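Participant: just need the structure, nothing else, for what follows:
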Amino acid sequence: MLKKGNIAIDGPAGAGKSTVAKLIAKKLGYLYVDTGAMYRALAWKALQEKFSYQDVKNIIKLAQKTEIVLTKSKHTSAQKVFCDGFDVTEEIRTPEVSEFVSQIAQIPEVREVFLHQQRKFAKDGNVVMDGRDIGSNVLPDAAHKFFLTASLEERTKRRYNELKCKGYNLTMEQIRQDIARRDQLDSKRKAAPLVKALDAVEIDTSNLSPRQVASVIENIIKGESYDL
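Facilitator: Have a look, this model is predicted:
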C-alpha cells in the first residue's frame with residue numbers, strides 16, 4: 001500500500017538524485033521539483049550579469065527579482081527550466097555554472113528566497129523533490145526521505161560521461177577535483193548544509209542503475225521488502 005505524501009531525495013553531486021527522482025515522479029504521477037536547477041538558473045543569470053562570487057549583495061538582489069519557472073515539456077514530459085522567460089534547461093548544466101553554483105548556494109539570503117518557493121511547490125503534497133537539504137530543512141515533515149550516496153570515483157565517471165556526451169573535453173581528474181570541491185562547500189556551508197536527515201533511508205548507488213534505485217525506493221514507500 002502506497003503511503004502518500006511528499007518524497008525528499010538528498011545527496012551529493014553525481015549520486016543520481018535527479019535521474020532517480022524523475023523516474024519515481026513519473027511512475028507515481030507526482031510533481032518533480034529539481035531544487036538544484038533553481039540554484040543553477042540563478043548561477044547562470046549571475047554569470048550573464050558578469051557577477052563574481054564576491055558580489056553577494058547583487059546576487060541576493062538578483063535572486064529576489066529573478067523569475068525561475070520549472071515546468072514540463074509538452075512533448076517529452078521532461079522538466080524545463082525557465083529563467084526570466086528564457087529556456088535555460090541546457091545552459092545551466094555547463095561546467096561554468098557547476099563551478100559557480102555551490103558558491104551561490106552558500107548565501108543564506110538566497111536560500112531563504114528559494115525556500116519559500118520550494119515549500120509552495122510542495123504544499124499540496126505528492127511532490128518528489130531533490131536537492132541537498134530537502135529532508136533536513138525544506139521539507140522536514142516529508143512522508144518519505146532518502147539520502148543517495150556513491151563513491152567519488154563512480155560520481156566522477158558519471159559526470160565525465162555526461163559532459164563527454166555534451167561535447168565537453170574535461171579530464172577525469174579535473175572533474176574529480178571539482179566534485180570533491182563541491183562536496184566540501186556543500187557539506188561545510190553554514191546555511192542548510194548537505195546532511196542526511198536522521199530519519200532518511202541511505203542508499204549507496206555506486207553499483208546500482210537508476211531504475212534499480214527507483215525500484216528500491218518505490219518498494220520502501222509501498223512498505224514492501226527490498227534488497228540493498
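
Participant: three-state assignment of T156?
Facilitator: Put simply, T156 is helix when judged by DSSP: H, G, I helix; E, B strand; the rest coil.

Participant: burial of it, as a residue count?
Facilitator: 22 (other Cβ atoms under 10 Å). Where you see a C-beta, it was placed from the backbone N, CA and C, and this is true even at glycine.

Participant: how close does it get to V201?
Facilitator: According to Cβ to Cβ, to the nearest Å, T156 and V201 sit 25 Å apart.

Participant: and N207, by the same measure?
Facilitator: Remark: distance between N207 and V201 (Cβ to Cβ) = 17 Å.

Participant: neighbour count for these two, which is higher?
Facilitator: Per other Cβ under 10 Å, whichever of N207 and V201 has more neighbours is V201, with 18 against 9.

Participant: you'd agree that one is up against I220?
Facilitator: Yes. Using Cβ atoms under 8 Å, V201 and I220 qualify as a contacting pair, with a distance of 6.1 Å.

Participant: quickly list what's touching both of those two.
Facilitator: Each of F146 lies in contact with both V201 and I220 under the rule Cβ atoms under 8 Å, 6 or more residues apart in numbering.

Participant: ok, for K196, nearest residue in space, not its chain neighbours?
Facilitator: F147 (4.1 Å; Cβ to Cβ, 6 or more residues apart in numbering).

Participant: just to be sure, the one you found is in a strand?
Facilitator: Yes. With three-state DSSP as the criterion, F147 is part of a strand.

Participant: so it makes contact with I203?
Facilitator: Yes. Counting by Cβ under 8 Å, F147 touches I203, with 7.3 Å between them.

Participant: who touches the helix or strand of the chain with the lowest mean pLDDT?
Facilitator: Counting by mean pLDDT, DSSP states H and E, the chain has its least confident helix or strand at strand 68-72, which shows a mean of 86. For strand 68-72, contacts defined as Cβ under 8 Å, 6+ apart pick out 33-34, 37-38, 41-42, 78-83, 117, 121.
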